[in-house]
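# Got a sequence here, can you build the structure:
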Amino acid sequence: MFEDLKAIISRVEADYADIRYEIKKEIKIVFNGKELTTVTSDSTDGYVLRVLKNGGFSSVSFTKEKDADIAIENAINNALLISENIEKPVRFAEAEIVKDTFKPELDEDPRDMALSEKLELLKEYNNIPLNHKNIVTTNISYNELIREKYFVNTEGSKIREDLVTNGIRGLITSSDGTIFQNVGFGFGGSDGFHTVRNQDGVLENKTSIVLKLLKAKPVEGRGYNVILNPALAGVFTHEAFGHFSEADLIEDNPSMRVKMKIGAKLGNDVVNIIDNPTMPNQLGFYKYDDEGVRARPTQLMKNGVLVGRLHSRRTAAAFNEPLSGHCIAEDYRYAPIIRMGNIFIEAGSKSFENLISELEEGLYILNLNGGQTSGENFTFGAQYGYLVQRGKITEMVRDINISGNLYKTLENISAVGNDLELFKFGGGCGKGQTNIRSCHGAPHILIDNVVVGGK
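Numbering: from 1, shown residues only. From the prediction side, this is the model:
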């Protein structure tokens with residue numbers, strides 16, 4: 001395959017070109033309640049050619065090798081058209097020349113497992129909540145995605161890498177005839193089929209929670225000091241902060257470039273945020289991005305100060321900042337864009353018991369239940385929470401929404417726990433393209449003066 005790719009880009013007359021070929025394999029199994037509604041297994045493949053010529057940069061995707069010359073012609077013509085209609089020519093930051101083959105170590109390769117075994121495991125998990133009174137339905141799916149990638153560029157890089165992802169996620173719905181409650185769940189990862197085995201306890205725990213919510217009271221809407229659990233704190237890190245660390249989202253926004261200037265003091269001294277796609281066995285792990293750049297840890301915030309940013313080769317040159325290896329495509333249909341890998345608030349020094357004691361009076365809020373961001377403002381729903389009174393966790397509450405401003409919230413994070421967790425599966429990111437391997441996490445965090453919507 002490498003020789004075929006080299007032959008294609010050798011015919012490209014440009015300042016730079018790269019080509020990515022990949023085979024994409026997907027399996028999806030879905031139960032809605034007791035009914036099996038989906039079983040699919042697909043394998044597709046294709047190419048993405050990118051060309052930089054005279055300061056114009058373009059990409060073309062195609063699925064048949066016989067169409068390569070047409071793709072080359074279109075990519076060059078598009079790059080020339082772009083070069084004639086932009087103020088600043090596109091440049092690429094220098095990157096090392098890489099020649100490597102990387103296949104992750106897997107504990108049970110899902111490609112070796114029978115489809116029937118995956119179906120049977122999903123069915124067993126689905127039956128756990130359905131066997132309980134007041135569980136009215138479920139939606140549970142097994143998802144498997146394999147990307148077998150080949151990358152070549154005109155600088156001499158030649159990279160073969162596999163990305164293997166599998167997981168189970170779902171929603172459990174309860175009702176007492178008057179109200180309905182939902183609780184979501186997900187588990188899996190990028191290091192083998194073992195990540196979805198022996199997870200009965202997750203289903204049992206989530207079933208217990210969604211049943212207890214039928215008796216929980218709606219939260220009283222007002223300002224609270226709150227503790228967010230790692231899952232919800234991780235969503236805040238990804239959605240409210242992380243996207244503004246992606247250079248392509250702020251480069252044409254003058255006000256955000258001022259606010260997100262390197263060296264700006266944005267948060268409390270206790271807040272440290274990093275994106276590290278090099279962590280083995282984590283959902284967002286990879287060795288090389290889809291530009292052939294080696295992934296590397298990128299410190300984004302240190303002691304509340306913005307110290308780094310996520311880049312492609314193009315934006316690294318435009319910002320005159322270091323490469324980070326964070327340019328990722330959904331699959332062979334797309335040119336890569338800047339994406340987060342494993343982004344998280346780093347662990348602090350406080351135990352969970354310390355945080356509850358410091359909170360004294362407020363809310364302990366857990367897990368995402370939808371939400372949105374609008375510029376630097378956000379609103380997130382939570383699946384459930386607990387009142388904290390006199391330093392003790394007390395009754396469960398529901399119908400919780402939290403809202404605020406990114407910068408004010410970063411300033412109001414007053415303590416960070418020592419119990420870092422990274423999200424296992426089920427979220428991902430939908431920025432422009434879907435990236436199921438985008439991973440986030442955090443320890444428990446204590447935030448002062450959060451606006452909570454409720455009753």
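# Walking through this structure, point out its helices one by one.
For the chain, the helices defined by DSSP state H occupy 2-9, 68-83, 115-130, 200-212, 230-236, 247-250, 254-259, 313-319, 352-359, 406-412.
# now the ones you listed as TSV including mean pLDDT, mean neighbour count and distance to E96?
Where you see a C-beta, it was placed from the backbone N, CA and C, and this is true even at glycine. As requested, those are arranged in TSV below (pLDDT from 0 to 100; neighbours: other C-beta atoms under 10 Å; distance: least, C-beta to C-beta, whole Å):
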stretch	mean pLDDT	mean neighbour count	distance to E96
helix 2-9	97	16	18
helix 68-83	98	18	24
helix 115-130	98	16	39
helix 200-212	98	17	41
helix 230-236	96	25	31
helix 247-250	96	20	20
helix 254-259	93	12	28
helix 313-319	98	21	12
helix 352-359	97	17	42
helix 406-412	96	20	34
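# among those, which is nearest K265?
helix 406-412 (9.0 Å; C-beta to C-beta).
# Can you tell me which helices and strands the closest one packs against?
Helix 406-412 sits against strand 377-389, strand 445-453, with contacts defined as 3 or more C-beta pairs under 8 Å, 6 or more residues apart in numbering; DSSP states H and E.
# Turn these into JSON lines, including mean pLDDT, mean neighbour count and distance to D4.
Listed next are these as JSON lines, based on pLDDT from 0 to 100; neighbours: other C-beta under 10 Å; distance: least, C-beta to C-beta, whole Å:
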{"stretch": "strand 377-389", "mean pLDDT": "96", "mean neighbour count": "20", "distance to D4": "47"}
{"stretch": "strand 445-453", "mean pLDDT": "96", "mean neighbour count": "20", "distance to D4": "50"}
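# From what I see, A95 and D289 are in contact.
No: at 10.0 Å, A95 and D289 do not qualify as touching, with contact defined as C-beta atoms under 8 Å.
# And those two? Which one has more around it.
Between A95 and D289, D289 has the larger neighbour count (other C-beta atoms under 10 Å), namely 27 against 17.
# For that one, list the residues it contacts.
Taking C-beta atoms under 8 Å, 6 or more residues apart in numbering, we find D289 in contact with A295, G325, H326, C327, I328, P336.
# redo that, cut-off 6 Å
Shown in contact with D289 (C-beta atoms under 6 Å, 6 or more residues apart in numbering): G325, C327, I328.
# okay, stretch 146-165 in CSV with CA atoms only?
The C-alpha coordinates for stretch 146-165 follow below in CSV (Å, rounded to 0.1, in the frame of the first residue of the first chain):
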residue,chain,number,x,y,z
ILE,A,146,-11.6,0.0,13.6
ARG,A,147,-9.5,2.5,11.5
GLU,A,148,-6.5,0.9,9.8
LYS,A,149,-4.6,3.9,8.5
TYR,A,150,-1.7,4.4,6.0
PHE,A,151,-0.1,7.9,5.7
VAL,A,152,2.5,9.2,3.3
ASN,A,153,3.7,12.7,2.6
THR,A,154,6.2,14.4,0.2
GLU,A,155,8.6,15.1,3.1
GLY,A,156,9.3,11.4,3.5
SER,A,157,7.0,10.3,6.3
LYS,A,158,5.5,6.9,6.1
ILE,A,159,3.2,5.8,8.9
ARG,A,160,0.9,2.8,9.5
GLU,A,161,-1.3,2.9,12.6
ASP,A,162,-4.5,1.1,13.8
LEU,A,163,-7.1,2.7,16.0
VAL,A,164,-9.4,0.1,17.7
THR,A,165,-12.4,1.3,19.7
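# what's the offset of it from the middle of its chain?
How far stretch 146-165 lies from its chain's middle: 21 Å, per C-alpha atoms, centre = their mean, to the nearest Å.
# got it, and stretch 34-51?
Distance, centroid of stretch 34-51 to centroid of chain: 19 Å (C-alpha atoms, centre = their mean).
# what comes into contact with it?
Contact partners of stretch 34-51, identified using C-beta under 6 Å, 6+ apart, comprise 14, 17-21, 23-30, 58-63, 71, 75-76, 79, 332, 335.
# next one: stretch 210-220
Under C-beta under 6 Å, 6+ apart, the answer for stretch 210-220 is 134, 172, 174, 176, 181, 183, 384, 396-400, 454-455.
# Tabulate these in TSV, adding columns for distance to Q282.
Listed next are the contacts of stretch 210-220 as TSV, based on distance: C-beta to C-beta, whole Å:
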residue	distance to Q282
N134	36
I172	26
S174	32
D176	39
Q181	31
V183	24
Y384	26
M396	31
V397	32
R398	31
D399	33
I400	28
G454	34
K455	39
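# quick one: which of those residues sit in strands?
I172, S174, Q181, V183, Y384, M396, V397, R398, I400 (DSSP state E).
# Tabulate these in CSV, adding columns for distance to I8.
Output for these, formatted as CSV (distance: C-beta to C-beta, whole Å):
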residue, distance to I8
I172, 49
S174, 55
Q181, 54
V183, 49
Y384, 54
M396, 59
V397, 59
R398, 57
I400, 54
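# And the helices of the chain: which comes nearest I159?
Closest to I159 of the helices of the chain is helix 2-9 (C-beta to C-beta; 9.4 Å).
# N225: what's it in contact with?
For N225, the contact set (C-beta under 6 Å, 6+ apart) comprises L359, G362, D448.
# Look up the pLDDT of the closest residue to it other than its chain neighbours for me, please.
Leaving aside its chain neighbours, N225 sits nearest to G362 (3.9 Å; criterion: C-beta to C-beta, 6 or more residues apart in numbering). Per-residue confidence (pLDDT) for G362: 98.
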